[in-house]
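1. One predicted model, sequence on top.
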There are 4 protein chains.
Amino acid sequence: MLSADCDATVLMRAVTFQAPMQVRVEERREPELLAGDDAIVRIEATGICGSDLHIYRGRVKIAPGFTIGHELVGTVVAAGDAVTRVAEGDRVLGCFHTACGTCFFCLRGHYHKCDQMRTFGHGAALGDLPGTQAELALVPHANLTLRRVPDSLSNDVALFAGDVMGTGYHAVVNSGVTPGDSVAVLGLGPVGLCAVQVARASGAGPVVAIDSVPERLEIARAFGATPVHLSEQQPREQVKRLTGGRGVDVAIDAVGHPDALDLAIRLVRKAGTVGAIGVYAEPQQVHMGLVWIKALTLKSGHANVIAHVDRVLGMLEAGTLDPSPLISAHMPLDDAAEAYRRYDRHEALKIVLTP
Amino acid sequence: MLSADCDATVLMRAVTFQAPMQVRVEERREPELLAGDDAIVRIEATGICGSDLHIYRGRVKIAPGFTIGHELVGTVVAAGDAVTRVAEGDRVLGCFHTACGTCFFCLRGHYHKCDQMRTFGHGAALGDLPGTQAELALVPHANLTLRRVPDSLSNDVALFAGDVMGTGYHAVVNSGVTPGDSVAVLGLGPVGLCAVQVARASGAGPVVAIDSVPERLEIARAFGATPVHLSEQQPREQVKRLTGGRGVDVAIDAVGHPDALDLAIRLVRKAGTVGAIGVYAEPQQVHMGLVWIKALTLKSGHANVIAHVDRVLGMLEAGTLDPSPLISAHMPLDDAAEAYRRYDRHEALKIVLTP
Amino acid sequence: MLSADCDATVLMRAVTFQAPMQVRVEERREPELLAGDDAIVRIEATGICGSDLHIYRGRVKIAPGFTIGHELVGTVVAAGDAVTRVAEGDRVLGCFHTACGTCFFCLRGHYHKCDQMRTFGHGAALGDLPGTQAELALVPHANLTLRRVPDSLSNDVALFAGDVMGTGYHAVVNSGVTPGDSVAVLGLGPVGLCAVQVARASGAGPVVAIDSVPERLEIARAFGATPVHLSEQQPREQVKRLTGGRGVDVAIDAVGHPDALDLAIRLVRKAGTVGAIGVYAEPQQVHMGLVWIKALTLKSGHANVIAHVDRVLGMLEAGTLDPSPLISAHMPLDDAAEAYRRYDRHEALKIVLTP
Amino acid sequence: MLSADCDATVLMRAVTFQAPMQVRVEERREPELLAGDDAIVRIEATGICGSDLHIYRGRVKIAPGFTIGHELVGTVVAAGDAVTRVAEGDRVLGCFHTACGTCFFCLRGHYHKCDQMRTFGHGAALGDLPGTQAELALVPHANLTLRRVPDSLSNDVALFAGDVMGTGYHAVVNSGVTPGDSVAVLGLGPVGLCAVQVARASGAGPVVAIDSVPERLEIARAFGATPVHLSEQQPREQVKRLTGGRGVDVAIDAVGHPDALDLAIRLVRKAGTVGAIGVYAEPQQVHMGLVWIKALTLKSGHANVIAHVDRVLGMLEAGTLDPSPLISAHMPLDDAAEAYRRYDRHEALKIVLTP
């Protein structure tokens, strides 16, 4: 184990939140190993994601000056004694959150609900763990959080495994999709489009992809889905037509809005499953009468990416999943402010930043 | 096959809905076999259940004069050619609804969402199938709807298998309770108390039973639960104390009221399951923010009793389940009007009617 | 309902077993409806399958003169009153066996172990149900046994849904393959090749396909698998190389020979699953020491095609499955003797017969 | 963290294997903490178990002088910095093996197949981890291996949670027993009797308990099972009689002998599950023909006690499980030689040793 030199004068660049709609590249002290299962990764690629936008727009509150970002591909430059699954020099990808591997929840495989869970770049409320839009990142519980990147995968593709594609995988597999099932995906942002791709790659069909942005509907079509425009077409009629009048076996709400959840509840067949992967934060109206009379199962929460990352990597390596079409731009880390502005204007599905 | 004599002058007594708060025993034509898998049962015991009360109070609309009731134990007096699982002369119990056994939903085991499902005694909206509070009942799809009663079981006990105890079983087993799990049951009517008993008999512990009626809390205690008074004690504190601060693995809402669902969502641990067996009919407030951040699974709908009835009978026969303490009174069918009045005043958990 | 005319002089042609290595097209009386849920299908396509070969070679004993064959696509020409899922005039496909839909096993979804199960064309021991290599076939329990063929599917493709592809689907899905899992398929006959295709279409990867016939290995490669020659390459080394030394998550024995089962047990990782879809009839050596120390799950038995047929049809319709490359030849029913000889010489993977 | 004083002169007593049929209490150096997640436990109770007998009789080879034993209850006297789930001074119980919590297998919940698994007291082949029949034990990966003992549980009862009762729990729950299922348990040693108790406590019934030792059959009867003498009664006839001729839903082989596995295969119903928890080490005859035609699932391997220990503790605390009747004797650690002789003569089901 080589501990990173921690002289206070050793500084690195990092993207920091300053105020709503304002991020800045600043100098920060380089991280040091703190625990035996920590690793430090030199970042080679990091992304901007929809969750970052919640911070950028001030909806998720974090302290000014906090380093943001939660996606990472890079090279391990230091690792504690207890780190066994990766080693210095390995090219690795990271999951967007950490888990301890030993609490009640981890022992049941619920890594996303770990009692000590920390999310990169989300401020004090989510574990006070500096983000990955920086030259270096400290990665706790590296045995769970990091994975070696197979040689055949580019940084761009690997970047998705521990975050957006892992979330698409969760949306589909955690909802119990069985090969041959019909699926509707509501909302074709990066997560929704990844869910479409995973659904198709997992044998689902038809996969009905619903949104109101023509470009996104086109990507969904290219991924093998049947695109349906939310307002110009009639999702309920289309779904009926494609499923013998029954509704889809599984409906995935990749939006996180009451209208999307309501539509999902209406599109799914009796005894079907609604996977609500979109973020909810408030009490709201839910048509429990429909949920009850249709005998639905509703599954919610963010993705359990640590549980899925090996299998997602397997699918990326096998080529059955390929998120490349979602990458809108590559930009240097120093241009993060411009990248965030562009992402905020919905001009990109995924921007990859390179330190 | 012996067809029942269907001379128009052959009449039987039946309990009929007349108007809200008004039922009457009237004469009705005896039923005849209509399909090859029909059976006719001479009723020896039938019950009044919470669902009957929805009809009695006018909340569920049915036509005046319709025969009500959906629980039955009796003897098969006629059976069509395709009836193979029971025979004339057999003492049988009935499930509260029918299923065809061949539609999309039945083939996946979702008998409760059968495309041709009919519920006894619930009027035109639920299949126009006359009820079982009568001397005789026509039982469609008898191979699925009826089961032989093992000799060791009384009519009283068997009466629960296809309705209230089957619903308690569904609430527990469909929610994925594993031996050693902690469970909360909200609402200690007959279904909630049966859920308590099934949870204990299935290895759950602690089982926290929540209500505000002391007598019901006492029965729950006798069934092995930890009773908690809804308002005089603090359910959230009690559950925390009993589960190391985590919350229960499974919370069962046996009420069907937004407050119960909200409490269930708060009592359950992260990544746990809420089984909403209580009836919902309307849109309502649900704290989706909690559902999401806790990554919950919510399962809803009425019970799939046809899927469960063999195993419920097995448990009744083994003595691991025994609903006898829930029976408040036996009354003759002719006193149905008085029985309904008594049940409406919450003076009984279960009244058994005998034609 | 139009009952087929049953004058004894109405005859049809049918392929009959005569003696080992000898089949003949003979005249047989046309079938009649016997039960309310029977249908009669005019056969438009039927196949020769590996199971037929067991009969042809005399390993499975049936009476001389019995009509053989168990695959069917055709048009419903008569249907009993209780037949609701298909109607006269429908183009339909058949499952290779029947199930009652109401026994203990059917109610748990184990249609393949139905207490009244009958297999087409397999003689008295398996239900005495004449086969489908004929102009007409009587189909009992038609609601479960038959499905409408979607317009977009050819007879050739539909023929696989209720038999060979349904078996490949069972081998994969019943073994619990999850998207991203690694799979080995041992034996690349029609069932093995279908299992390869289902595995890939369900998101598995790598899929290692093992056999010693180069042509079959090539088809597997075209289906997306990594082909491995059983004797010229080293399956255990190849699997190790492809799975980080661990072994595959699921190994499918599509052979039915002790050596195949033994290799499957060795190729699978600890806590993995072996799906033994190949036919076993005798006691034999199994390395239980390995099964135990590796903590394996072994699942066996023929496919539960009735449970799977809707989803298999969905995948065929979506184009994620396509068995066309397995069809070696089309021949008229009258040339059945020649077709069997050719199949017996392993000159074909699938021969489609047309009456 | 207080490291145990590790002066070489600090010695403790430990039971060591010497030669087949010969164990001896010797002095051994006290253990020291080696890794951050190690703990050291002062043993207050340890047991002799059937696995110890394999070592004692020389069937499992270990080096002379190695400390044996794998059951433990005691008090934590030292714990590394990374130990979070227990603390110095806690009364704890141990699982019989360790797991890392981070490898491929642990991340899927297969703790019993951990790539770094070590079993207490089983010599070099199973991880070179000194046993627990000693005054002190070093416990690696203490967050997974140890649990606090609830105040209400005696040392005797807690001793079972991480070994014998955890194994009984695994046998039942891992075999998919659902409340109301029928179960047969073959072999009524401590594991079989615990499986009987877990099956009953989990809602199974009837539970048929098969052995040829009258005392063990009597304990099974007291645990709620239907005892059947292996040779004096007819297990197959008894099972048929109790299950409507079908066979049990789940058969558990708690013996580890070809005859037991064969009987389990014959007793289970079609599409049922055989849980082979008894130890197998060799290739042997298995009636694969029966396994195939009955479409069985066979699950094998030793128990995944780390996955189960919280729930087993919950059941012990709730009183639904109580292994007390299995304890034949308490003896001081110094009498280990006599204890082993007695256990070897089958004069005890469980002997608790106290240092």
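-> Perfect, I can see it now. Residues are numbered from 1 along each chain as shown, chains lettered A, B, ... in the order given.
2. Longest helix in chain A, please.
-> In chain A, assigned by DSSP state H, the helix with the most residues is helix A:305-318.
3. So is that helix next to chain C?
-> Yes - interface with chain C: helix A:305-318 contributes A:308, A:310-315, A:317-318 (CB under 8 Å from any CB of the partner chain). To be clear about C-beta, it is placed using only N, CA and C from the backbone, and glycine gets the same treatment.
4. just curious, which of these is nearest to A:Ala137?
-> Within those, the smallest distance to A:Ala137 is 19.5 Å, found for A:Leu313 (CB to CB).
5. Report the separation between that closest one and A:Gly50.
-> With distances taken as CB to CB, to the nearest Å, A:Leu313 is found 22 Å from A:Gly50.
6. just to revisit the earlier point, so which residues make contact with the helix or strand following the longest helix of chain A?
-> Proceeding N to C from helix A:305-318, the next assigned helix or strand is strand A:327-332, under DSSP states H and E. Strand A:327-332 has contacts (CB atoms under 8 Å, 6 or more residues apart in numbering or on different chains) with A:156, A:338-339, A:342, A:347-355.
7. Strand A:327-332 pairs with which strands?
-> Here strand A:327-332 is paired, per DSSP bridges, with strand A:350-354 (parallel).
8. what is the mean pLDDT for the partner strand?
-> In this model, strand A:350-354 has a mean pLDDT of 96.
9. do the same with stretch A:179-196
-> pLDDT averaged over stretch A:179-196 gives 98.
10. Kindly report the same for stretch A:222-234.
-> The average of the pLDDT scores along stretch A:222-234 is 97.
11. Of A:Leu313 and A:Gly50, which one has the most company?
-> In terms of neighbours (other CB atoms under 10 Å in any protein chain shown), A:Leu313 is the more surrounded of A:Leu313 and A:Gly50; the figures are 24 against 18.
12. Next up, the contacts around the more buried one.
-> Contacts of A:Leu313 by CB under 8 Å, 6+ apart are A:93, A:147, A:149-150, A:153, A:158, A:161, C:180.
13. Quick one: which of those residues is the most crowded by neighbours?
-> Note: the member of the contacts of A:Leu313 with the most neighbours is A:Ala161, at 31 neighbours, neighbours being other CB under 10 Å.
14. where does the closest residue to A:Thr297 other than its chain neighbours land in three-state SS?
-> Counting by CB to CB, 6 or more residues apart in numbering or on different chains, A:Thr273 is the residue found nearest to A:Thr297 once chain neighbours are left out, at 4.5 Å. Classification of A:Thr273 by DSSP: H, G, I helix; E, B strand; the rest coil places it in strand.
15. Number of residues surrounding A:Thr273?
-> By other CB under 10 Å, neighbour count at A:Thr273 equals 24.
16. can I assume it is in contact with A:Gly176?
-> Yes - with the criterion set as CB atoms under 8 Å, A:Thr273 and A:Gly176 qualify as a contacting pair; they are 5.6 Å apart.
17. what is in contact with the two at once?
-> A:250, A:297.
18. ok, stretch A:244-260 near chain B or not?
-> Yes - counting by CB under 8 Å from any CB, chain B is contacted by stretch A:244-260 at A:244, A:246, A:256, A:258.
19. Select from those residues the one having the most neighbours.
-> The most crowded member of the residues of stretch A:244-260 next to chain B is A:Gly256, carrying 20 neighbours; neighbours defined as other CB under 10 Å.
20. Distance check, that one against chain D.
-> A:Gly256 is 28 Å from chain D, where distance means CB to the nearest CB, to the nearest Å.
21. element containing that residue, please.
-> Applying DSSP H and E, one finds A:Gly256 in no helix or strand.
22. Chain neighbours aside, what residue packs nearest to it?
-> Distances taken as CB to CB, 6+ apart place A:Gly278 nearest to A:Gly256, at 2.8 Å, with adjacent residues excluded.
23. and chain A, which residues reach chain C?
-> With the criterion set to CB under 8 Å from any CB, chain A comes near chain C through A:169, A:172-173, A:178-182, A:198, A:200-203, A:205-206, A:308, A:310-315, A:317-320.
24. Now restrict those residues to buried residues only.
-> Among the residues of chain A next to chain C, those scoring as buried are A:169, A:172-173, A:178-182, A:198, A:200-203, A:205-206, A:308, A:310-315, A:317-318, A:320 (criterion: 16 or more other CB atoms under 10 Å in any protein chain shown).
25. What residues does the stretch 151-300 of chain A have near chain B?
-> Residues of the stretch 151-300 of chain A found near chain B (CB under 8 Å from any CB) are A:244, A:246, A:256, A:258, A:261, A:270-271, A:276, A:279-289, A:291-300.
26. For the nearest residue to A:Tyr56 once chain neighbours are set aside, what are phi and psi?
-> In this structure, A:Tyr56 finds its nearest non-sequential neighbour in A:Tyr340, 5.4 Å apart by CB to CB, 6+ apart. Main-chain torsions, A:Tyr340, degrees, to the nearest 10: phi -60, psi -40.
27. Okay then, goodbye and thanks.
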